[in-house]
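J.: sequence-free structure coming up:
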């Protein structure tokens, strides 16, 4: 056997040995008597539950198209206000926020809405609602996002400490004389995961 073949076999043996040791180390981390077995469907009593906490009707200005960038098609939508109603929060959406959107060449895209709410008791609450979707834009499809709230200490700090998911539904204004429909607002429902 020549020197190069011997060296290649030694490297292959070392890599294979490392892979086997790594696999053994990972396998050793999971006890064999773990009940239920790792990867099995949990009992229904262990599954997360969601509770509807409030919804928003968010009014919007027309889309501002930035255009094609190195990372995709960028646009944003100014938030002009709105209403908040529900069993755990009532108030208004403050004007001045933004919904930043990036559409990728694959058809998927991300959104990042950053704005403030004013609760009926005057408390100001920051909202950052972020999502990723592969639905067709402008079709009226519902999408989902993960919101984070920042509320001051007091009666609304449950929002800061909680985990949530939101559903986002566009509210379209029909187009006149064959024109395409126009995005008027979005209806966002918030659910707390418990």
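T.: Noted; the coordinates are in hand. Since the model is a prediction, treat every value here as computed from it, not as a measurement.

J.: so where's the protein shaky on pLDDT?
T.: Across the chain, residues meeting the criterion (pLDDT under 70) sit at 1-28, 135-140.

J.: show me what the closest residue to residue 98 other than its chain neighbours is bridged to.
T.: Using C-beta to C-beta, 6 or more residues apart in numbering and skipping residues adjacent in sequence, the residue nearest residue 98 is residue 76, 5.3 Å away. In short, each C-beta sits where N, CA and C put it, glycine included. Here residue 76 sits in beta bridges with residue 64, residue 100, going by DSSP bridges.

J.: neighbours of residue 76, how many?
T.: 18 (other C-beta atoms under 10 Å).

J.: ok, it touching residue 99?
T.: Yes. The pair residue 76 and residue 99 qualifies as a contact (C-beta atoms under 8 Å) at a distance of 6.4 Å.

J.: do you know how far residue 37 is from residue 30?
T.: Using C-beta to C-beta, to the nearest Å, residue 37 is found at 9 Å from residue 30.

J.: which residues touch the residue nearest to residue 77 when sequence neighbours are not counted?
T.: For residue 77, ignoring the flanking residues on the chain, the nearest one in space by C-beta to C-beta, 6+ apart is residue 99 at 4.4 Å. Residue 99 makes contact with 60, 76-77, 79, 111-113, 186, according to C-beta atoms under 8 Å, 6 or more residues apart in numbering.

J.: so residue 160: helix, strand or coil?
T.: Using DSSP: H, G, I helix; E, B strand; the rest coil, the secondary structure recorded for residue 160 is helix.

J.: that one reaches residue 147, doesn't it?
T.: No. Using C-beta under 8 Å, residue 160 makes no contact with residue 147, being 11.3 Å away.

J.: can you give me the helices for the protein?
T.: 3-29, 158-161 (DSSP state H).

J.: so between residue 160 and residue 147, which is more surrounded?
T.: Taking other C-beta under 10 Å, residue 160 and residue 147 do not tie; residue 147 has more neighbours (19 against 14).
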